[in-house]
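compute the structure for the input listed below.
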Amino acid sequence: MQSITRFNSADLTRADLTQEILDRRTCQGCGHEIEVVRQQYAFGPKTGEYFEAVKGCKCEDLAIARQAIENERLMQRRKIEDTFSSGSTINEKLLHASFTGYHPTSPELTEAKRAFEHFTQTLKGTLLVSGSYGTGKSHLSMAAVNAVKAEGESAVFISLPRLLTKIKGTFDNEGSQDDIITSLADVTLLVLDDIGAEQVKYTDSSKTTIDTDTFSNDVLFQVLDARLGKATIYTTNLPGADLRARIGPRNFSRIIDDAKIVKMYGDDYRLAQLNF
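Numbers count the residues shown, from 1 in each chain. This next block holds a predicted model:
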């Protein structure tokens, strides 16, 4: 059976000696109206021989466009991962965290693990994870990030204290804070770890002591606002009333809006491992 070749209009003009339209239809691939034509080679070793070709098909153009979009998406993902998923923002021990590597020590922690696994599969809404030190909040959160990345999607894990430090380091670069917030807004999954653990005061390079309550809460609000309607995990060591007092009623209201609350209280597994 003779193959059908796709040519653009310029190709067909160069090749045209005689041309017969065999069929007109809508292309199932691109949706454009196409013509299947039979014509002769105008030059070359096959001069005078007949071949069939398709005019008007945009499948190849659309494939190139889709590939360009995919390449841009991959570049953006690499840029985000280079910015946040480095040793400077993630505890080295957490880098390869997985759900199979987490071993709950109580029914409550078993239920928490299930909640994380289900959330990772659906990527809908928000998880607010509250609990004591050493119960695995960060481990399960990073496991969720790794699971999402394994599916080819973008995901970022960063603690609020380290996010604030990263933003403070860009104060000499106009627009850098907005760039960071925009990057966090664009990822498929964001984990904002250790909310409430940020220091209340710090001393800048001019030895001025600055109260960071307003600064940290403003940054937190920008992140919360940017992540509305997107899959996000927030973790904290503070109970509800203390968290509300620490981050303010406005931010607290944003976090708990349509959030699933996951509680992870228990013994510090780090101490248990040390048998200290």
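
who's in contact with T110?
The contact partners of T110, taken as Cβ atoms under 8 Å, 6 or more residues apart in numbering, are P104. For glycine as for every other residue, the C-beta is placed from the backbone atoms N, C-alpha and C.

for the helix or strand containing it, what is the average pLDDT?
Under the criterion DSSP states H and E, the helix or strand holding T110 is helix 107-122. Across helix 107-122, the average pLDDT comes to 96.

mind exporting the C-alpha coordinates of it to PDB?
As requested, the backbone C-alpha atoms of helix 107-122 are provided in PDB (Å, rounded to 0.1, in the frame of the first residue of the first chain):
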ATOM      1  CA  PRO A 107      -2.700   4.100  66.300                       C
ATOM      2  CA  GLU A 108      -2.800   7.900  66.000                       C
ATOM      3  CA  LEU A 109       0.500   7.900  64.100                       C
ATOM      4  CA  THR A 110      -0.700   5.000  61.900                       C
ATOM      5  CA  GLU A 111      -3.800   7.100  61.000                       C
ATOM      6  CA  ALA A 112      -1.600  10.100  60.300                       C
ATOM      7  CA  LYS A 113       0.500   8.100  57.800                       C
ATOM      8  CA  ARG A 114      -2.700   7.000  56.100                       C
ATOM      9  CA  ALA A 115      -3.800  10.600  55.900                       C
ATOM     10  CA  PHE A 116      -0.600  11.600  54.200                       C
ATOM     11  CA  GLU A 117      -0.700   8.800  51.700                       C
ATOM     12  CA  HIS A 118      -4.300   9.600  50.800                       C
ATOM     13  CA  PHE A 119      -3.500  13.300  50.400                       C
ATOM     14  CA  THR A 120      -0.500  12.500  48.200                       C
ATOM     15  CA  GLN A 121      -2.800  10.500  45.900                       C
ATOM     16  CA  THR A 122      -5.500  13.100  45.600                       C
END
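
number the residues from 826 up from this point.
Right, with 826 as the first residue, what we last looked at is helix 932-947.

from the chain's centroid, how far away is it?
On the basis of Cα atoms, centre = their mean, to the nearest Å, helix 932-947 is displaced by 20 Å from the centre of the chain it belongs to.

what angle do the next helix or strand after that helix and helix 932-947 make?
Under the assignment DSSP H and E, the closest C-terminal helix or strand after helix 932-947 is strand 951-956. Between the direction of strand 951-956 and that of helix 932-947, the angle (axes from the mean of the first three to the mean of the last three Cα atoms, to 10 degrees) works out to 160 degrees.

buried ones in the helix holding T935, by neighbour count?
By 16 or more other Cβ atoms under 10 Å, the buried positions in helix 932-947 come out as 934, 937-938, 940-941, 944-945.

check contacts around L965.
The contact partners of L965, by Cβ under 8 Å, 6+ apart, come to 922, 924, 927, 937-938, 941, 954.

repeat that for 10 Å
Applying Cβ atoms under 10 Å, 6 or more residues apart in numbering to L965 gives the contacts 922-924, 926-927, 929, 934, 937-938, 940-942, 944-945, 952, 954, 1016, 1058, 1060, 1087, 1089.

checking my notes, it in a helix, right?
Yes. Going by DSSP: H, G, I helix; E, B strand; the rest coil, the assignment for L965 places it inside a helix.

ok, it to L934 distance?
When distances are taken as Cβ to Cβ, to the nearest Å, L965 and L934 turn out to be 9 Å apart.

and for K918?
For K918, the distance to L934 under the criterion Cβ to Cβ works out to 19 Å.

and for M900?
Counting by Cβ to Cβ, the gap from M900 to L934 is 39 Å.

kindly report the same for L1049.
Using Cβ to Cβ, L1049 is found at 27 Å from L934.

could you do A890 as well?
For A890, the distance to L934 equals 48 Å [Cβ to Cβ].

cool, and L1063?
For L1063, the distance to L934 equals 18 Å [Cβ to Cβ].

show me the shaky parts of the stretch 926-1075 of the chain.
Low-confidence segments of the stretch 926-1075 of the chain, defined by pLDDT under 70, span residues 996-1000, 1023-1037.

let's see it at 80
Counting by pLDDT under 80, the low-confidence segments of the stretch 926-1075 of the chain come to 994-1001, 1022-1038.

which stretches of it form helices?
Using DSSP state H, counting those that start in this stretch, the helices of the stretch 926-1075 of the chain run over 932-947, 962-975, 985-993, 1001-1011, 1038-1051, 1065-1072, 1074-1081.
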